[in-house]
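Peer 1: Below is the sequence, then the predicted model.
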Amino acid sequence: MLIATDDETIAAVARRFGALVCLTSPEHPSGTDRVAEAAAAYDHELVVNIQGDEPLIDPAAIDAAILALRDDAQAPMGTLAKRIEDRSEIHNPNVVKVVTDGRGCAIYFSRSPIPYDRGGHAVYYKHIGLYVYRRQFLLDYPTLPVGPLEQAEKLEQLRALENGFAIRVAETEYESLGVDTPEDLARVEQILGLQQAWRNTSS
């Protein structure tokens with residue numbers, strides 16, 4: 001695993017616990033651009049981008065995204081989605097929603113509720129911020145033009161869709177817990193504290 005960051009403080013902390021670190025340019029407009037810089041020094045066929053705001057990511061979810069991309073030779077990029085159970089997330093702009101076609105490829109990602117529920121029976125899926133890329137596509141990604149949809153939504157994955165590239169979406173039961181607000185951070189810290197307390201009582 002490699003930690004890619006443009007922040008020397010983060011890099012120093014990562015090095016202290018033995019992580020391999022790549023200090024990247026601070027000019028990247030998205031995490032995928034940053035990962036592309038870091039991945040250029042390696043020749044792996046697939047590159048997995050686990051974002052720092054998903055500290056509780058389940059290894060099984062990572063495997064699901066990788067397998068979905070390996071099973072679809074035409075897709076250069078893969079990601080994850082989870083059916084929304086908590087209705088409050090549908091209108092939360094920090095919870096990105098995704099709709100897919102019959103092949104399981106993304107049609108669109110949005111911070112708004114999609115699809116529009118005219119009949120009252122819509123099922124909503126939230127996007128989980130983990131990506132898998134084929135290496136060449138990832139290296140080419142920074143050269144793709146940023147379109148109006150990416151600019152409007154501030155969602156880097158829309159750059160792929162706007163430029164005609166498919167994103168394979170694997171459904172998972174993993175419950176995303178992204179850290180986008182101070183309240184999210186407090187929630188994650190509480191969960192990690194409970195997990196540590198359970199380990200201490202079980203040992």
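Peer 2: In hand now; what should we look at? Numbering: from 1, shown residues only.

Peer 1: Now do the helices in this protein.
Peer 2: With helices called from DSSP state H, the chain shows them at 8-16, 31-39, 59-70, 135-140, 148-153, 158-162, 182-202.

Peer 1: Tell me which of these sits nearest to residue 90.
Peer 2: Of all those, helix 148-153 sits nearest to residue 90, with 16.0 Å by C-beta to C-beta. Every C-beta, even on glycine, is put in place using the N, C-alpha and C of the backbone.

Peer 1: So for the closest one, what gets flagged as buried?
Peer 2: Across helix 148-153, burial judged by 16 or more other C-beta atoms under 10 Å covers 150, 153.

Peer 1: what do you get for stretch 128-148?
Peer 2: 128-135, 137-138, 141-142, 144.

Peer 1: ok, of the residues you listed, which one's closest to residue 155?
Peer 2: So of the buried residues of stretch 128-148, ranked by how close each gets to residue 155 (C-beta to C-beta), first place is residue 129, at 9.8 Å.

Peer 1: picking up where we left off before, can you put the buried residues of stretch 128-148 in CSV and add pLDDT?
Peer 2: Output for the buried residues of stretch 128-148, formatted as CSV (pLDDT from 0 to 100):
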residue, pLDDT
128, 92
129, 86
130, 92
131, 96
132, 96
133, 97
134, 96
135, 95
137, 97
138, 97
141, 97
142, 96
144, 97
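
Peer 1: want to throw the helices of the chain into a markdown table with distance to residue 118?
Peer 2: Formatted as a markdown table, the helices of the chain follow (distance: least, C-beta to C-beta, whole Å):
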| stretch | distance to residue 118 |
| --- | --- |
| helix 8-16 | 45 |
| helix 31-39 | 34 |
| helix 59-70 | 30 |
| helix 135-140 | 36 |
| helix 148-153 | 22 |
| helix 158-162 | 24 |
| helix 182-202 | 31 |
